[in-house]
Every structure is written in C-alpha cells, then in structure tokens.
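> coordinates for the following, if possible.
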Amino acid sequence: MKLFIKYMVSVRCKIAVKEVFKNLGLHFIVVDLGEVEIMEDLSAGQEAALKAALHEIGLELMEDKKAILIEKIKSLITEMIHHSSEVPKVNYSDYISEKLAYDYTYLSNIFSEVKGITIQQFIINHKIERVKELIIYDELSISEIAWKMNYSSVAHLSNQFKKNTGLSPSHFKQMKDKRRTPIEEIGNSTVLIEKDHKE
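Residues are numbered from 1 along each chain as shown. As a prediction, this is how the structure comes out:
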C-alpha cells in the first residue's frame, strides 16, 4: 500500500517517518521523500494512529489526489536540486513529466492553481536556495556553482540570483548574516506577501 506524506522534504524527515512506522508496528518497503510503501493495508484505527503520530512531528497524511500530485512534484524538485550530486542536464519539464507519467501542462496548471506559483518559479526559488548553500560552504567558485547547477553562464546565475535576493552572489558571499530559507518554506513566500497586504 502506498501512502503520501506532506512536508516530508529532508533525510531527517525520512528517519523520523521510519521511526513512526516502526513504533506503530507497520512494515515499510520503501521510504522516499513524500512517499511510503508499506506491506499492510491500514485499518481505520491504524490510519488514525498514523495521522496522529505524523502530526506530532509536523507531517501530514494525504488523501486528496491533487494534493498528492503537488507533493510529488515538490518532492521531485527538492530531490533533484538539494539531494542529487548534480542537477539533471535535461529540460525540467521533460524530467518532471517523465518521472510522474503526466503531461507537463496538466501538472503545471494544477500546481499554479493550488500553490499560486508556477513550477518554473518554484524550481528557480529552490535553485537559488541551493546556490546560497553552496556559496556558504565556500568550496566552489561562482563559475563552478553555475556549472554544477546547470546554468548556461555565470551571468545567467548572477541575474537570477539578484532578481530573487536583491544581491549579487559575490555581495551575498561577503555578508556576515547569510539568510537561508528552510526547504519546506521555499515557494510559500507569495502566500506570506499576500497575507501582509490584506492586513
């Protein structure tokens, strides 16, 4: 049985989720970002216990098909940008479409409708966060980071970075207080901005 879990975006989340399933006596076959496959079919009691246990660690069991698809897109992008040694050199739309076996236009429309942000912008936001992380580690030059993150040039990376952060990569590197956004909050900024304007 496959289960889909919201906000499961890091290796730490995977470890915590494995612990939850062990504690409930459920046997998992695969634990991936946003997705767990178990041997059993859940009874109503087990499902309630699982929901409660996941809620305690800030995660959520999902049943809505659209929400599941959006989480799959988010998990795929997170995995691709933050947890792969190299960003795929293919077109993102082809990569996402192929991995999820859905037409990209369909995925894109659902994502924009629910998240209020395009998949493209969501990817850019994640890439910029990853670039910030690589700048902070200070192991690679800006041109090496541009190559690693599959930018066509350093200028392309710099322009996108400045557009998103208001700073050039070199200015960001010099800053003492380097602000990064937690992975699970990337792409939620538009919602926060709208909220501020309403108040």
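> Gly58: neighbour count?
Neighbourhood size, Gly58 [other CB atoms under 10 Å]: 12. Heads up, the C-betas are built off the backbone N, CA and C, glycines and all.
> for it, which three-state class applies?
When classified by DSSP: H, G, I helix; E, B strand; the rest coil, Gly58 comes out as coil.
> and it, what does it touch?
Taking CB atoms under 8 Å, 6 or more residues apart in numbering as the criterion, Gly58 is in contact with Tyr7.
> one more: Ile186?
Here Ile186 is in contact with Phe122, Asn125, His126, Glu129 (CB under 8 Å, 6+ apart).
> let's see 10 Å
Counting by CB atoms under 10 Å, 6 or more residues apart in numbering, Ile186 makes contact with 9, 74, 77-78, 81-82, 117, 122, 125-130, 180.
> and if you look at Glu144?
Counted by CB under 10 Å, 6+ apart, Glu144 has contacts Leu134, Val154.
> try 8 Å
Glu144 touches nothing, counting by CB under 8 Å, 6+ apart.
> same question for Lys51.
Per CB under 8 Å, 6+ apart, neighbours of Lys51: Glu60, Leu61.
> try the one 10 residues further on
If you count contacts by CB under 8 Å, 6+ apart, Leu61 has them with Leu3, Phe4, Ile5, Lys6, Glu47, Leu50, Lys51, Leu54.
> give me the subset of these that lies in helices.
Cross-referencing those against helices under DSSP state H gives Glu47, Leu50, Lys51, Leu54.
> and the residue nearest the centre of the chain, helix, strand or coil?
Centroid-nearest residue in the chain, with CA atoms, centre = their mean: Thr78, separated by 3.4 Å. Secondary structure of Thr78, reduced to three states by three-state DSSP: helix.
> does it touch Leu33 like I think?
Yes - judged on CB atoms under 8 Å, Thr78 makes contact with Leu33 at a distance of 6.2 Å.
> overlap in contacts of those two?
Contacts common to Thr78 and Leu33, judged by CB under 8 Å, 6+ apart, are Val9.
> the closest residue to Lys89 other than its chain neighbours and Met80: what is the separation?
Excluding the flanking residues, the one nearest Lys89 by CB to CB, 6 or more residues apart in numbering is Asn150, at 5.9 Å. Separation of Asn150 from Met80 (CB to CB, to the nearest Å) stands at 10 Å.
> the helices in the protein, which residues?
Taking DSSP H as the criterion, the chain carries its helices at 11-23, 44-56, 65-82, 92-100, 104-115, 119-137, 142-148, 154-165, 169-174, 189-198.
> still on that earlier bit, nearest to Ile38 among the contacts of Leu61?
Leu3 (6.6 Å; CB to CB).
> closest to Ile136 out of the contacts of Leu61?
Among the contacts of Leu61, and counting by CB to CB, the member closest to Ile136 is Lys6, at 27.9 Å.
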